[in-house]
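J.: only geometry, no sequence info:
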Ligand SMILES: Nc1ncnc2c1ncn2[C@@H]1O[C@H](COP(=O)(O)OP(=O)(O)OP(=O)(O)O)[C@@H](O)[C@H]1O
Ligand SMILES: [Mg+2]
């Protein structure tokens, strides 16, 4: 079961209805995502929908396993619009963004073909572009698409010299996990081009229902204990006792799944504790796990 029944404000529903991509079914329907993000507050979705429908870019900012990618996928679902994605790394270059040339045959004749990349595709079809881990890219790479990200919505493809102007509907969603190893601070000019939405770890009843729908765990008592564990982990993160990743919802869901078969304490060890860098942190979570399970 997917969590896609949002109680969006009336005006936002109307906005979505006018912007939804229901008539544009020419291609890439398989890139319309299933959604399933559970927002801690409906404002997060409201604001992202508002920004995107005005042609503004959205930057989802939050720790690992907070649901940023799910959030972006839910926007694709809500707008009923395909979403191309780019995964940033130090190897990201112009070709992986824009596309590349390749040799092909037309009968006997050799021709040069251009295989479009995610940026070119999303622009040409008026679809979404998801840029994941945007601060993992080398600082000089993303400025290539500055013109795509501002009001111009235009780029000159350096491989074909073609000027591409984004089709109506084109929108950019990016995700960032600040302070994570390997990341660089996001260039100010780049950050300036986004509306920023903070994505925190969900808690309480929302987490409970996420565990019920997204894991195999059904034991009510155990589910409540995992929700308590998560809230204690989040508190410890806020107090500076643990690094942010310790409270990752992704890791918690893994622990829930494993504990259907193996004892919960061992599930927590494998999914959460053994990922922590410092002995002090591992001991802290171990004690917490001992008191609860
Ligand atoms: N609020 C949420 N709603 C729905 N699913 C969530 C939520 N928070 C965490 N999850 C679940 O946790 C897992 C990780 O989510 P996701 O991949 O979207 O996180 P992320 O923020 O993109 O992490 P990363 O920074 O590591 O890429 C998924 O299985 C997702 O379903
Ligand atoms: Mg992600």
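T.: Everything's here; your move. Just so you know, these numbers come straight off a predicted model, no measurement behind them. Ligands and ions are numbered 1, 2, ... in the order given.
J.: Could you pull up the residues touching the residue in the stretch 51-200 of the chain that ligand 1 sits nearest to?
T.: Scanning the stretch 51-200 of the chain for proximity to ligand 1 using CB to the nearest ligand atom identifies residue 67 as nearest, at 2.9 Å. Where C-beta positions appear, they are placed from N, C-alpha and C, glycine not excepted. Residue 67 makes contacts with 37, 38, 199, 202, 249, as judged by CB atoms under 8 Å, 6 or more residues apart in numbering.
J.: With adjacent residues omitted, what lies nearest to residue 51?
T.: If the residues on either side of it in the chain are set aside, residue 51 comes closest to residue 195, at 4.3 Å by CB to CB, 6 or more residues apart in numbering.
J.: isn't there a helix covering that neighbour?
T.: No - per DSSP: H, G, I helix; E, B strand; the rest coil, residue 195 lies outside any helix segment and is strand.
J.: That one - how many residues pack around it?
T.: Counted with other CB atoms under 10 Å, residues neighbouring residue 195 total 14.
J.: show me the contacts for it.
T.: Residue 195 neighbours (CB under 8 Å, 6+ apart): 47, 48, 51, 56, 57, 58, 59.
J.: Tell me which entries of those residues lie within strands.
T.: Counting by DSSP state E, the part of those found in strands is 57, 58, 59.
J.: Quick check: of these, which lies closest to residue 157?
T.: residue 57 (20.1 Å; CB to CB).
J.: these two touch, right, that closest one and residue 174?
T.: Yes - at 6.9 Å, residue 57 and residue 174 qualify as touching, with contact defined as CB atoms under 8 Å.
J.: The two: who's more crowded?
T.: Each of residue 57 and residue 174 has its neighbours counted (other CB under 10 Å); residue 174 has more, 28 against 20.
J.: SS state for that one?
T.: Quick answer, by three-state DSSP: residue 174 is strand.
J.: Do I have it right that it meets residue 56?
T.: No - if you go by CB under 8 Å, residue 174 and residue 56 don't touch, sitting 11.9 Å apart.
J.: which residue lies farthest from the center of the chain?
T.: What lies farthest from the middle of the chain is residue 108; by CA atoms, centre = their mean that is 44.6 Å.
J.: ok, now how distant is it from ligand 2?
T.: Per CB to the ion, to the nearest Å, residue 108 is found 46 Å from ligand 2.
J.: Of all the residues in stretch 275-284, which ones are buried?
T.: Within stretch 275-284, the residues scored as buried using 16 or more other CB atoms under 10 Å are 275, 276, 281, 282, 284.
J.: So what sits opposite the spatially closest residue to residue 57 that is not a sequence neighbour in the bridge?
T.: Distances taken as CB to CB, 6+ apart place residue 172 nearest to residue 57, at 4.1 Å, with adjacent residues excluded. Beta-bridge partners for residue 172, by DSSP bridges, are residue 129.
J.: ok, residue 172 - contacts?
T.: Counted by CB under 8 Å, 6+ apart, residue 172 has contacts 57, 58, 122, 128, 129, 131, 148, 149.
J.: try it again with 10 Å
T.: 52, 55-59, 86, 119, 122-123, 128-131, 134, 145, 148-149, 153, 166, 193-194 (CB atoms under 10 Å, 6 or more residues apart in numbering).
J.: So which residues on the stretch 151-293 of the chain come close to ligand 1?
T.: Counting by CB under 6 Å from any ligand atom, the stretch 151-293 of the chain comes close to ligand 1 at 175, 177, 202, 210, 214, 249, 250, 253.
J.: 8 Å - rerun?
T.: Residues of the stretch 151-293 of the chain that fall close to ligand 1, judged by CB under 8 Å from any ligand atom: 175, 177, 180, 199, 201-202, 206, 210, 214, 248-250, 253.
J.: and the least confident of those?
T.: In terms of pLDDT, the lowest of these is residue 180, showing 62.
J.: so is residue 120 in a helix, a strand, or just coil?
T.: Quick answer, by three-state DSSP: residue 120 is helix.
J.: Residue numbers of the stretch 51-200 of the chain in contact with ligand 2?
T.: Contacts of the stretch 51-200 of the chain with ligand 2, taken as CB under 5 Å from the ion, map to 68, 69.
J.: One more pass at 6 Å, please.
T.: Counting by CB under 6 Å from the ion, the stretch 51-200 of the chain comes close to ligand 2 at 68, 69, 132, 175.
J.: who's in contact with the third one?
T.: Spelled out, it's residue 132. Taking CB under 10 Å, 6+ apart, one finds 60, 68-69, 72, 85-89, 173-177 in contact with residue 132.
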